[in-house]
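# structure, please.
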Amino acid sequence: MTLFVFAAAAGFSLAGVLTDNMAMLEVGLGLWVLCVLTAIWTWFRSSRRDFRTPEAARAAAEAGDPRGLLALALIAKDADDPHEAERLLLLAIDRGDVDSMWELAGLVEERDGIDAAEPWYRMAADNNHVAARRLLRRRDHVNGDPTS
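From the prediction side, this is the model:
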């Protein structure tokens, strides 16, 4: 969406300059402002979820934040502790975290293959995880499933 607004802002601004049309320039300027606000909003949303330290993630997890559990699970995965990562991901999934469904699917796929991971990918897709939906759509297309 941001990319579309960025392209529209550039197009309106360029067209306004080339045609000396003040209305197009004003629309372009408004779209540029929208781009900046969208970028700030995106940064704000992503920075709220980041945990600067494992202790911050642990404190968030203990407070019931599933994003803290996800962060700890990713730390465990990076430390080659897939059992602890899976345990933490399952706790986060129980609390409704869709990204944890996606991460668990990847963990299961590494261990047992795509067929074992498919239910987790489907669960993530059913909860509107965009990457999971795309993966399953491609997989169904390759397998010849016209209903997907």
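
# who's in contact with the residue nearest to residue 136 when sequence neighbours are not counted?
Sequence neighbours aside, residue 125 is the residue nearest to residue 136 in space, at 5.2 Å (criterion: C-beta to C-beta, 6 or more residues apart in numbering). For glycine as for every other residue, the C-beta is placed from the backbone atoms N, C-alpha and C. By C-beta atoms under 8 Å, 6 or more residues apart in numbering, the contact list for residue 125 reads 132-133, 135-136.

# tell me which two of these sit farthest apart.
133 and 135 (7.4 Å; C-beta to C-beta).

# what strand or helix carries residue 102?
Assigned by DSSP states H and E, residue 102 belongs to helix 98-112.

# show me what counts as buried in that helix.
Using 16 or more other C-beta atoms under 10 Å as the test for burial, helix 98-112 gives 98-105, 107-109.

# pLDDT of stretch 62-79, averaged?
What stretch 62-79 shows for mean pLDDT is 92.
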